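Asker: Below is the sequence, then the predicted model.
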Amino acid sequence: MEVVVVGAEEEDNNKFIVGDVPTLYYFPDFITHHQQHLLLNNIYQAPAFKWKFLKNRRLQNWGGVVHEKGLLPQDLPSWLTNIIQKIFDESRLFPSAINHVLINEYLPNQGIMPHQDGPAYFPVVAIVSLGSPVVMDFSPHLGLTISSNQSGNSTEEEFSHAGAPDGNLQKNYKTFSVLLMPRSLLIFKDKAYSEYMHGIKDCAVQRCDKVINVGEFLKYRRENYITASKDLYEGADVDLNSINRTTNRISLTCRVVPKVNKKFFKF
């Protein structure tokens, strides 16, 4: 019988795996309240020109310009290098030093459409959440979901494309959500990175029926409905299966751009 030896690093990370996808990790309370306060101060004290305004949110780009030819690097400030070094050292899930960070600001009713990060990045991403909690939804790519033919059965080509054992696509590729609490770290890589899209709904009240880190939601509910007795909420318009986004959320999306071009691009 073959004995599989699990390395200490892998074993340490295994306790942070949530859900059925083995390459998605959730680290609660990854930073302290003080560290969150310092990060928010530095983010909001950044020069006005660092903010880029999109249709439904604004963001800051740190580390350089990402292009199809690689990264045209810029030095990261010390307040960012401290946090990305902590992510690199404690997760041990990145192949090299993190060299690019996007900082997104979301108002309570703002989200982001389902998407997959571009091919310029190594297939692993770390997201540090600050401020308001939020629910992030993961959905498999359309090519990995069951598309029935007229007889109600899926074709062999579809099963082959998905690579799911026993053709059980519904079991292996299903939608799910993760509750991202303030000061938490979410890392997803490999299958969770390449075969799923992730997004956030544009709404201030978000349902938590499909969250896979149930313990975090129960903790949120205890802290926010601390006296949630039947008498208190009898007749009140309170949904105990939802979270309320009452303040802004800031996310730090930290990634590795493997190809670094220190010379100016020629177009």
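Answerer: All right, it came through fine. Numbers count the residues shown, from 1 in each chain.

Asker: For the rest of this, base every contact and every neighbour count on C-alpha atoms.
Answerer: Noted.

Asker: what ranges do the helices span in this structure?
Answerer: Counting by DSSP state H, the chain has helices at residues 8-14, 33-44, 78-91, 156-162, 169-172, 190-194, 214-224, 230-233.

Asker: If the nearest residue to Y106 once chain neighbours are set aside is in a bridge, with which residues?
Answerer: Excluding its sequence neighbours, the residue lying closest to Y106 (C-alpha to C-alpha, 6 or more residues apart in numbering) is R249, at 5.1 Å. On the basis of DSSP bridges, R249 is bridged to Y106, G131.

Asker: still on that earlier bit, and of the helices of the chain, who's closest to G63?
Answerer: G63 sits nearest to helix 78-91 of all the helices of the chain, at 9.7 Å, using C-alpha to C-alpha.

Asker: which of the residues in the closest one are buried?
Answerer: Across helix 78-91, burial judged by 16 or more other C-alpha atoms under 10 Å covers 80-81, 83-84, 87-88, 91.

Asker: Go ahead and name everything in contact with it.
Answerer: Residues outside helix 78-91 that contact it (C-alpha atoms under 8 Å, 6 or more residues apart in numbering): 13, 39, 42, 94, 97-98, 126, 254.

Asker: and if you look at stretch 115-130?
Answerer: Applying C-alpha under 8 Å, 6+ apart, the set of residues contacting stretch 115-130 is 36, 40, 66-68, 70, 87, 93-94, 180-190, 193-194, 196-199, 249-259.

Asker: Can you name the residues bridging to the closest residue to C254 other than its chain neighbours?
Answerer: Among residues not flanking C254 along the chain, V101 sits closest, at 4.5 Å (C-alpha to C-alpha, 6+ apart). Taking DSSP bridges as the rule, V101 bridges to W62, C254.

Asker: V101 reaches G63, doesn't it?
Answerer: Yes: applying C-alpha atoms under 8 Å, one finds V101 in contact with G63, separated by 6.3 Å.

Asker: The two: which has the busier surroundings?
Answerer: Legend: neighbour count by other C-alpha atoms under 10 Å for V101 and G63, higher for V101 (23 against 20).

Asker: re earlier: and for the residue nearest to Y106, the neighbour number?
Answerer: By the measure other C-alpha under 10 Å, the count of residues near R249 is 21.

Asker: quick one: it and E105 touch, right?
Answerer: Yes: between R249 and E105 there is a contact at 5.9 Å, judged by C-alpha under 8 Å.

Asker: What about the nearest residue to P28 once chain neighbours are set aside, how many residues nearby?
Answerer: Closest residue in space to P28, ignoring its immediate chain neighbours: S184 at 4.6 Å, by C-alpha to C-alpha, 6+ apart. Other residues lying near S184 total 19 when counted by other C-alpha under 10 Å.

Asker: can you pull the contacts of S184?
Answerer: S184 makes contact with 26-31, 128-130, according to C-alpha under 8 Å, 6+ apart.

Asker: how does it look with 6 Å?
Answerer: Residues near S184 by C-alpha atoms under 6 Å, 6 or more residues apart in numbering: 27-30, 128-129.

Asker: Filter those down to the buried ones, ChimeraX style.
Answerer: This is the ChimeraX syntax for the buried subset of these, where burial follows 16+ other C-alpha under 10 Å:
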select :27,28,30,128,129
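
Asker: May I see the contacts of S184 arranged in CSV, with distance to P47 and pLDDT as well?
Answerer: Converted to CSV, the contacts of S184 look like this (distance: C-alpha to C-alpha, whole Å; pLDDT from 0 to 100):
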residue, distance to P47, pLDDT
F27, 31, 98
P28, 30, 97
D29, 29, 97
F30, 27, 98
V128, 21, 98
S129, 21, 98
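
Asker: Just the ones of the contacts of S184 in strands?
Answerer: The strands, defined by DSSP state E, take in 27, 128-129 from these.

Asker: low-confidence ranges in this protein?
Answerer: 1-11, 143-172, 226-238, 263-267 (pLDDT under 70).

Asker: W51: neighbour count?
Answerer: Around W51 there are 17 residues (other C-alpha under 10 Å).

Asker: Show me what it is bridged to.
Answerer: Taking DSSP bridges as the rule, W51 bridges to Q60.

Asker: And it, how far from P123?
Answerer: Taking C-alpha to C-alpha, to the nearest Å as the measure, W51 falls 26 Å from P123.
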